[in-house]
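Engineer: Mind looking at a prediction? Sequence and model below.
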Amino acid sequence: MEKESKTILATEKDLYLEQDVHRFDEVEHVLSEPHPVRVDGIKGTAAVGSLGGYSTRIRILLENEHPDLGKEFQTKYFKFIKPGVCLWGHDEKTFTIEKFIDA
C-alpha cells in the first residue's frame, strides 16, 4: 500500500525559492529546485521569485493539463487570498494549491 503524502495549504512564502536569480544580480548563480505541489488536484511543481526576471512571479509546471492554467503557467499578477487559494490574472480567477511537505 502506497504511503499518503502529506501536504499543507501553500502560501506565497511557502513557495519562495531558497536561491533565486534576479536580472540585476552581479554574480551568476543557479535557481534552486521548485517545490512539489498539487494544484486543483494535479501534481506538479511551483516556485515564487524573480526567476531570472525583474519582478516577483509565480511559475507552475503540471504533470497534466489544467483547464485554465495549462501544463506550464507563469504570471506576475497573483495574490494568495488565504492559505491554499491563489487569485491570479485580471479576471480574478483562483486555483487551490497544496505543497507536499514530505517529498
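Structural biologist: In hand now; what should we look at? Residues are numbered from 1 along each chain as shown.

Engineer: Quick check: end-to-end length of stretch 50-63?
Structural biologist: 23 Å (CA to CA, to the nearest Å).

Engineer: what does it contact?
Structural biologist: 12, 15, 17, 20-24, 31, 34, 37, 39, 42-49, 69-76, 78, 86, 88, 97 (CB atoms under 8 Å, 6 or more residues apart in numbering). For glycine as for every other residue, the C-beta is placed from the backbone atoms N, C-alpha and C.

Engineer: In strands, which of these fall?
Structural biologist: Members of the contacts of stretch 50-63 lying in strands (criterion: DSSP state E): 37, 39, 42-49, 70-75, 78, 86, 88, 97.

Engineer: hmm, which of these are the buried ones?
Structural biologist: Buried members of the ones in strands among the contacts of stretch 50-63, counted by 16 or more other CB atoms under 10 Å: 37, 39, 42, 44-49, 73, 78, 86, 88, 97.

Engineer: from those residues, which has minimum pLDDT?
Structural biologist: Of all those, Gly49 carries the smallest pLDDT score, 87.

Engineer: my read: it touches Tyr16, true?
Structural biologist: Yes: in this structure, Gly49 is within contact of Tyr16 by CB atoms under 8 Å, at 6.0 Å.

Engineer: Identify all residues paired with the spatially most central residue of the chain through a beta bridge.
Structural biologist: Among the residues of the chain, Ala46 comes closest to the average C-alpha position under CA atoms, centre = their mean, at 2.8 Å. Beta-bridge partners recorded for Ala46 (DSSP bridges): His35, Ile60.
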